[in-house]
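Undergrad: have a look at this fold, sequence not included:
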Ligand SMILES: [Zn+2]
């Protein structure tokens, strides 16, 4: 069967292994395809992400085209890394969908679909030679492990784009103008070890401290979905590890969690509530001699929330492009992190549009071809209108 060029490109990029940090092969495939199609090597640049992050085999790929009509620079972006579950995927086309042949791998349409939207737009511009503004194509690395490529995005290296469009998600007509912020939380609970049979009264159990704290948080509505007078958000303690044996009072427990809110101040309140609960719990548990445990509490920002105004140029351009492609734009604000969070934080307001992804990060992942092609059409309007 004869598939359109953009679907062929997608089938070329999907099987290339590229878990976060191991993106060299996919970056190289995109770069060499662009150069073969006529992009000058001088227009291609790999940034410093891997060096700045101290991890990974390559930085993000930047291709800058000069404009042939005067207008502010526009940037199109997508991430090239996938979750590890996609490594080894063999894509197959079935009707309107692309799926992975094996039941053991995910597809990696998140976000090779977006990466292909950019590449096919670039190739089409070279081929059709239509008037366009100065353009930057930006393929980021390490998105799946904390938006690392976008975090290190350098506006001057990217040619100071005035408007930026990120392709990553499901519906091409969904115009995402805001996303939540996320704070990482790390708690170490130190108790006092003792023989659980002979001298339990000498021990302070780290597990008991954590249990009291978590019960208090649950009771007071600070876990899961949080709705208070001051704001809304979510929190989760998603990792807990500790203990050595059943006959030892546990003296060490490690807990990791997160707090999310669109409101920075309220997010800080969630973090404080969690810290206070653990500090209160420490006070409640002592051994026979009156000794207590202690906690170490650490938190840091994974990414800041953002919300663009519908009147902003970047949002208006995205809505026009969706309409030009024959769809009705739907403005959205989401509760997950996107490369757009860090792009906007770095002074480059970014709208995110979908490209046909479905059931991402699972072996049921598939890609909707008509939505992917619609995203290509939208990108074409963004690059040339
Ligand atoms: Zn993604």
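TA: The structure has been received and is ready for your questions. Predicted model only: the values in this text are computed from it and were never measured.

Undergrad: what residues does residue 138 make contact with?
TA: Residues in contact with residue 138 (CB atoms under 8 Å, 6 or more residues apart in numbering) are 60-62, 75-77, 118, 153, 158. To be clear about C-beta, it is placed using only N, CA and C from the backbone, and glycine gets the same treatment.

Undergrad: from those, pick the one nearest the ion.
TA: Closest approach to the ion among those (CB to the ion): residue 77, at 11.3 Å.

Undergrad: got the phi and psi for the residue nearest to that closest one when sequence neighbours are not counted?
TA: Nearest in space to residue 77, with sequence neighbours left out and distances taken as CB to CB, 6 or more residues apart in numbering, is residue 138 at 4.0 Å. With angles defined as degrees, to the nearest 10, residue 138 sits at phi -130, psi 110.

Undergrad: just the buried residues of the strand ranked longest in the chain, please?
TA: Counting by DSSP state E, the longest strand found in the chain is strand 231-242. By 16 or more other CB atoms under 10 Å, the buried positions in strand 231-242 come out as 231, 233-235, 237, 240, 242.

Undergrad: quick one: it to chain centroid distance?
TA: Its chain's C-alpha centre and that of strand 231-242 lie 18 Å apart, by CA atoms, centre = their mean, to the nearest Å.

Undergrad: quick one: contacts of it?
TA: Here strand 231-242 has contacts from 180, 185, 189, 206-207, 210, 214, 217, 222-226, 250, 252-263, 265-267, 269-270, 274, 335, using CB under 8 Å, 6+ apart.

Undergrad: which among these end up buried?
TA: So, by 16+ other CB under 10 Å, the buried ones in the contacts of strand 231-242 are 180, 185, 189, 206-207, 210, 214, 217, 222-223, 226, 250, 252-253, 255-263, 266-267, 269-270, 274.

Undergrad: from those, which land in helices?
TA: Those of these mapping onto helices are 206-207, 210, 214, 217, 266-267, 269-270, 274, per DSSP state H.

Undergrad: show me which residues of the stretch 101-250 of the chain are close to the ion?
TA: Counting by CB under 5 Å from the ion, the stretch 101-250 of the chain comes close to the ion at 110-111, 168.

Undergrad: redo that, cut-off 8 Å
TA: With CB under 8 Å from the ion as the criterion, the stretch 101-250 of the chain meets the ion at residues 110-111, 114, 143-144, 168-169.

Undergrad: ranking those by neighbours, who comes first?
TA: Within those, most neighbours by other CB atoms under 10 Å means residue 114, with 32 neighbours.

Undergrad: and the contacts of residue 138, which are buried?
TA: Judged by 16+ other CB under 10 Å, buried ones among the contacts of residue 138: 60-62, 75-77, 118, 153, 158.

Undergrad: could you identify the most distant pair in those residues?
TA: Between any two of the buried ones among the contacts of residue 138, the greatest separation by CB to CB is 14.9 Å, found for 118 and 153.

Undergrad: sorry, back to before: so which of the contacts of residue 138 belong to strands?
TA: Checked against DSSP E, the contacts of residue 138 include these in strands: 61-62, 75-77.

Undergrad: Throw the residues you listed into TSV and include pLDDT, thanks.
TA: Below are the ones in strands among the contacts of residue 138 laid out as TSV (pLDDT from 0 to 100):
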residue	pLDDT
61	98
62	98
75	98
76	98
77	98
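
Undergrad: got the contact list for residue 315?
TA: With contacts defined as CB under 8 Å, 6+ apart, residue 315 is in contact with 175, 177, 308-309, 331, 351.

Undergrad: who wins on neighbours among these?
TA: residue 351 (26 neighbours).

Undergrad: and that residue, what pLDDT?
TA: At residue 351, the pLDDT value in this model is 98.

Undergrad: next one: it from the ion, what distance?
TA: Distance of residue 351 to the ion, computed by CB to the ion, to the nearest Å: 15 Å.

Undergrad: that residue reaches residue 167, doesn't it?
TA: No. Residue 351 lies out of contact with residue 167 (CB atoms under 8 Å); the separation is 10.1 Å.

Undergrad: re earlier: can you tell me which of the buried residues of strand 231-242 lies nearest to the ion?
TA: If you rank the buried residues of strand 231-242 by distance to the ion using CB to the ion, residue 234 comes first, at 19.7 Å.

Undergrad: and the closest one, bridged to which residues?
TA: Here residue 234 sits in beta bridges with residue 225, residue 260, as judged by DSSP bridges.
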